[in-house]
Structures are given as C-alpha cells and as structure tokens.
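Asks: Please find the sequence and the predicted model below.
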Amino acid sequence: MRVITSSPSMELSGANILMANLLDQFQKTGVETEWMLTGHNPIDDDSWMGHRLFGVHRFPPSPILAICERQALMLEHLRKMSPCVYLPNFDFDMACIAPALPKETSVVMIMHCDDPVYYNFVARYGQLFDAIVCVSQFVADKLRRVYPHLVERIVHISFGVDAPAELPLRHDSCDRYLNIVYCGRLTFHQKRIQDLAVIIKECYAAHLPVRFVIAGSGTDESAFCESIARALADGFVRHLGLVQNMEVLHLLDKADVLLITSDFEGLPIVLLEAMSRGCIPIVSKTESGVAELIQDGENGFLVPIGDVNGFVDAVKRLLAEPSLLARLSQAAFDRIRSGGFTVQRAALDYLELFNSLPLSVRKVSYARNSVPIVPSKYKIPTRILNRMRALLKVS
C-alpha cells in the first residue's frame, strides 16, 4: 500500500501535525508514504516537524493563478504511484483532480474542523471522494444530516497522539507559579486571541501567581504582542514564536494548563497532546470535538465562547485548590490513554478504511478518467472578462 498526502503549505497547524504523525505511524507498519507540498510559495518553513520518517517533496515555484499547471504535476505523480490512497489533507485545489485519477487510486478527504469552508467544499465536491473522514462525532453527524446523499462515504475517526506511558512529573511546591501555555496560530479569526490577551491582562492586573508561555505565530501576532506589551516586558509572558512540534511537547510536559479560546474547532490535536501529558485544558465550549473529550470539572474546564471572566475564574480555582489541580491532571492523562485517543489506534482505523475502499461500490458513483476541476475561485467572472476584453480592444 502507498499513501500520498498533499498540502498547500507546511504551516504549523493541527491538520499538518495530524498528517505528519499518521504518515510516520504508517511508515512504521511498512506502508510507503510521502508528502507533496503543492503551494506556489517557495519559502515554506517546515522546521516544526523535526525528523520524520517520510519524505517531503515540493512543487517548483509557480504564479498564484497557475492552478492547472500545479494540478497537472500532482496528477502526473499520482498516476505514477497508482495504486495508492491519496489524502488531500486541506489541499482543496488538489482534491479537485479526483475525476482524472485512475480508478485504482482512492481519494479520502478529511474534515479537520467544524468550519464553513469544509462544509461548503463537501457540498460542492463531496461526490468526488471515496470516503470523507470526520475528526469528531459531531462533525460526522452534522455532515450526514446536511448531506444525506453522502452518508455511505462519511466515517468518524478521531485524532490520535503518541501518548507517554506515564504522567510526566511536575514540581509539587505549593508556592510555585501555575504554568499556562497557548500553542497555536495567533489569529483573531477562529482562535480569538483577542480573548487570550484580555485573560493575560486580567491575570497580570490581579497579580496572580501564574506565568504564560505563547508558542506560535500568525497574521495577528504583532497586534497581540502589542496588546500585552507590559506583561511581556515584566516576564509575566514568554512569547516563543514558531517552534518545533517536539519543543511544544516539552512545553506541555512542564505546563499545568492549556488555554484554547477558539470560536470553533474540530478536535484540536494540541488538546490531545496536552491532556496526554496531564496538562489541564481550559477551553471554549465549542460545539464540536472538545465536549467529546472533556467533562467539565472532571478532567478540564469548558468555558462559554468569549467568556473571559470564566477563563480567569477557572485559573483562580486551580490556584485555590491544589488537590483539584492534581486530580484533573491525572484525569486528563487517563482520558487519552484509556479513551483510545492514540496515534496507533488512529493509524489502524485509517488503514482499515483504506483496505476497504477497493471493494467499495462507491467508486462507480462518479466518473473517473475525466478532467480535473478548476476551483471556481480561479475563474474570472464573465462580466469582468468581457470588460477586460473591451478595454484591451479599445487600447
């Protein structure tokens, strides 16, 4: 079996971390794997991955609108590698080559997130794929309800992480700081880091015995750092920027709390990584994913989206109740180990799915050996095209 994945970028994200962990696990079981980087940006930092067992191959640089050329490169490569399983990851442009692939190539789309972008893409192109994997039961149920014609293709496979066998040791001094980490993209959209900034400032103003570590970067990084400038200058917050995934795991080994302030998620892989190391999650109560993993007050805290005071109150409660801190840490660790949220289990579930696809009747429900689909975002509207032609004619 061969498994090929692709992505338009190598940014540090839950989707890319999941894929890297899966490909490594597939390699360990004797499956040939590789990652194709298909974006037009020749500068794309993948240093966060560290050493991996699979190869990463990059497309040559091309103009941003050269979608047909990039699709042709991906198509040629997959035809050479067929029979294989192709995982487009979040590579929506390359997923649209599915109609032109050989019938021996299975295409599996992953719904990484409860995000309208994914639902809109599945609404338009869901019939192209042999299977659509949802990372949470909520997403799977929602997809089946909204698109009943795709129900036979929809599969629920949770994320998994390489969990340690034992709970990492932490300091037990009663007068130490509570170590709080945020690991992820620094963006206002989805991640709501504006809320994170307010939480930091509230804790700083109240002189709480806590310290924050921020690992990650993003489009709103400068504005975020400016808003917490005093806390940064006083050492109340450390901002590490983009770090390797292995370094993130070391941070989580030492941390007491993980904060996630997002508007929406799927099943954040950093949440699994944190809980697998006994790091207590204080996270937004999004509809998808987290509620399937966290029981409020039992192995973490679920806070209404945007409720900054709720986040601060959860931190204060952990500071006031050392026994609660220890109990929730152990419960978070146990949830991952006993709940089946390991990368080994996830890889086995994916391989079982891949092995079932060649026998599936779903392959006959759409035409292969056709031409790739050019996503609509690359198509110039007729009215604009006619106007451009008129202007050229006049000139």
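Replies: Nice, thanks for sending it over. Numbers count the residues shown, from 1 in each chain.

Asks: Which stretches in the stretch 201-350 of the chain count as helices?
Replies: 221-227, 229-233, 245-254, 269-275, 308-320, 322-339, 343-356 (DSSP state H, counting those that start in this stretch).

Asks: so what's Glu34 bridging to?
Replies: Ile4, Gly55 (DSSP bridges).

Asks: Any idea how many residues pack against it?
Replies: By other Cβ atoms under 10 Å, 18 other residues sit near Glu34. Any C-beta I mention is one placed from the backbone N, CA and C, and that applies to glycine too.

Asks: that older thread, and among the helices of the stretch 201-350 of the chain, the most buried is which?
Replies: Across the helices of the stretch 201-350 of the chain, averaging neighbours per residue (mean count of other Cβ atoms under 10 Å) puts helix 269-275 on top, at a mean of 28.

Asks: looking at it, Ser284 is touching Val303, isn't it?
Replies: Yes - contact criterion Cβ atoms under 8 Å: Ser284 and Val303 qualify, at 6.1 Å.

Asks: rewinding a little: next, format the helices of the stretch 201-350 of the chain as TSV and append mean pLDDT and distance to Glu202.
Replies: Formatted as TSV, the helices of the stretch 201-350 of the chain follow (pLDDT from 0 to 100; distance: least, Cβ to Cβ, whole Å):
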stretch	mean pLDDT	distance to Glu202
helix 221-227	96	12
helix 229-233	96	10
helix 245-254	88	22
helix 269-275	91	22
helix 308-320	96	5
helix 322-339	91	20
helix 343-356	93	36
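
Asks: quick one, which of these is nearest to Ile17?
Replies: Of all those, it is helix 269-275 that lies closest to Ile17, at 5.1 Å by Cβ to Cβ.

Asks: What is the distance between the closest one and the centre of its chain?
Replies: 11 Å (Cα atoms, centre = their mean, to the nearest Å).

Asks: what residue ranges in the chain score low on pLDDT?
Replies: 41-45, 171-175, 359-367, 379-395 (pLDDT under 70).

Asks: Please, where are all the strands along it?
Replies: 2-7, 32-37, 55-58, 84-87, 105-111, 131-134, 154-156, 178-183, 210-215, 237-241, 257-260, 280-284, 301-303 (DSSP state E).

Asks: What lies in contact with the fifth one?
Replies: If I follow you right, that is strand 105-111. Applying Cβ atoms under 8 Å, 6 or more residues apart in numbering, the external contacts of strand 105-111 come out as 15, 18, 78-79, 81-90, 95, 98, 101, 118, 122, 126, 128-135, 139-140, 143, 266, 353-354, 357-358.

Asks: Kindly provide the distance from the spatially closest residue to Ser370 that is not a sequence neighbour to Val117.
Replies: Nearest non-adjacent residue to Ser370, counting by Cβ to Cβ, 6 or more residues apart in numbering: Pro99, 4.0 Å away. Distance of Pro99 to Val117, computed by Cβ to Cβ, to the nearest Å: 21 Å.

Asks: Of the two, give the one with the bigger neighbour count.
Replies: Taking neighbours as other Cβ under 10 Å, Pro99 and Val117 compare with Pro99 leading, 17 against 11.

Asks: Wait, the more buried one touches Arg368, no?
Replies: Yes - between Pro99 and Arg368 there is a contact under Cβ under 8 Å: 6.3 Å.

Asks: want to throw the helices of the stretch 201-350 of the chain into JSON lines with distance to Gln194?
Replies: Conversion of these to JSON lines gives the following (distance: least, Cβ to Cβ, whole Å):
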{"stretch": "helix 221-227", "distance to Gln194": "8"}
{"stretch": "helix 229-233", "distance to Gln194": "15"}
{"stretch": "helix 245-254", "distance to Gln194": "22"}
{"stretch": "helix 269-275", "distance to Gln194": "19"}
{"stretch": "helix 308-320", "distance to Gln194": "9"}
{"stretch": "helix 322-339", "distance to Gln194": "27"}
{"stretch": "helix 343-356", "distance to Gln194": "33"}
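
Asks: so which of those comes closest to Val210?
Replies: The nearest among the helices of the stretch 201-350 of the chain, by Cβ to Cβ, is helix 308-320 at 6.3 Å.

Asks: Using TSV, lay out the strands of the chain together with distance to Ile373.
Replies: TSV is the format used below for the strands of the chain (distance: least, Cβ to Cβ, whole Å):
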stretch	distance to Ile373
strand 2-7	16
strand 32-37	18
strand 55-58	23
strand 84-87	15
strand 105-111	12
strand 131-134	17
strand 154-156	21
strand 178-183	36
strand 210-215	38
strand 237-241	38
strand 257-260	35
strand 280-284	35
strand 301-303	40
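
Asks: do you know which of those lies nearest Cys225?
Replies: strand 237-241 (6.2 Å).

Asks: If you count contacts, what does that closest one end up packed against?
Replies: strand 210-215 (3 or more Cβ pairs under 8 Å, 6 or more residues apart in numbering; DSSP states H and E).

Asks: Let's see the strand it packs on as PDB, backbone CA atoms only.
Replies: Taking Å, rounded to 0.1, in the frame of the first residue of the first chain, the C-alpha atoms of strand 210-215 are listed here in PDB:
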ATOM      1  CA  VAL A 210       0.800  32.400  37.100                       C
ATOM      2  CA  ARG A 211       3.100  32.600  34.100                       C
ATOM      3  CA  PHE A 212       2.100  32.300  30.400                       C
ATOM      4  CA  VAL A 213       4.000  30.800  27.500                       C
ATOM      5  CA  ILE A 214       2.900  31.500  24.000                       C
ATOM      6  CA  ALA A 215       4.100  29.200  21.200                       C
END
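
Asks: gap between the two ends of stretch 231-245?
Replies: 25 Å (Cα to Cα, to the nearest Å).

Asks: change the start of the numbering to 22 and stick with it
Replies: Sure thing, new numbering starts at 22, so read that last one as stretch 252-266.

Asks: how about that stretch: buried residues?
Replies: Buried residues in stretch 252-266, counted by 16 or more other Cβ atoms under 10 Å: 252-253, 257-258, 260, 263-266.

Asks: separation between the closest residue to Ile38 other than its chain neighbours and Ile214?
Replies: Computed as Cβ to Cβ, 6+ apart, the closest residue to Ile38 that is not its neighbour in sequence is Ile290, at 5.1 Å. Look at Ile290 and Ile214: by Cβ to Cβ, they are 18 Å apart.
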